[in-house]
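**Student:** predicted model and sequence below, questions to follow.
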Amino acid sequence: MCLSIPGKLVEITAQLDDVFRIGKVDFEGITKDVNLAMVPEANVGDYVLVHVGAAISVINEEEAKKTFEILKQMDEMEDLDLGPS
């Protein structure tokens with residue numbers, strides 16, 4: 001099953017221009033490097049949905065937390081591969 005996982009953008013770590021950026025995203029204690037090219041509007045502090053190492057949309061904090069809780073209740077968090085670290 002393919003899932004998008006919500007996480008909080010905590011830092012921009014590399015930036016070629018306004019579009020091609022890499023950032024650190026926190027998934028409740030697990031931090032991964034994520035490609036931000038599909039969400040040029042994303043800023044530090046925003047919540048993003050991440051699929052195979054790329055942020056695919058910006059979402060609000062409430063929706064991110066609800067989604068994360070559902071994934072934890074489904075016991076889907078332990079085996080998820082969030083993409084490159």
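**Tutor:** Alright, I've got the coordinates. Numbering: from 1, shown residues only.

**Student:** just to check, residue 15 is in contact with residue 35?
**Tutor:** No. Using C-beta atoms under 8 Å, residue 15 is not in contact with residue 35; the gap is 11.8 Å. C-beta: built from backbone N, CA, C; applies to glycine.

**Student:** the two: who's more crowded?
**Tutor:** Neighbour count, other C-beta atoms under 10 Å: between residue 15 and residue 35, residue 35 has more, with 19 against 12.

**Student:** and the closest residue to residue 44 other than its chain neighbours, what are its bridge partners?
**Tutor:** Spatial nearest neighbour of residue 44, excluding adjacent residues (C-beta to C-beta, 6 or more residues apart in numbering): residue 9 at 5.6 Å. With DSSP bridges applied, residue 9 shows beta-bridge pairing to residue 25.

**Student:** mind listing the shared neighbours of residue 15 and residue 35?
**Tutor:** Residues touching both residue 15 and residue 35 by C-beta atoms under 8 Å, 6 or more residues apart in numbering: 21, 22.

**Student:** show me where pLDDT drops low in the chain?
**Tutor:** Residues of the chain meeting the criterion pLDDT under 70: 1-2, 76-85.

**Student:** let's see 80
**Tutor:** Scanning the chain for pLDDT under 80 picks out 1-3, 75-85.

**Student:** which stretches of it form strands?
**Tutor:** Applying DSSP state E to the chain gives strands spanning 5-15, 21-27, 30-35, 47-51, 54-59.

**Student:** in the longest one, which residues are buried?
**Tutor:** Pointing back at strand 5-15 there. Buried residues in strand 5-15, counted by 16 or more other C-beta atoms under 10 Å: 5, 6, 7, 8, 9.

**Student:** now the first one. Nearest residue, chain neighbours left out?
**Tutor:** If you skip the residues right next to it in sequence, residue 5 has residue 50 as its closest partner in space, 5.3 Å away by C-beta to C-beta, 6+ apart.
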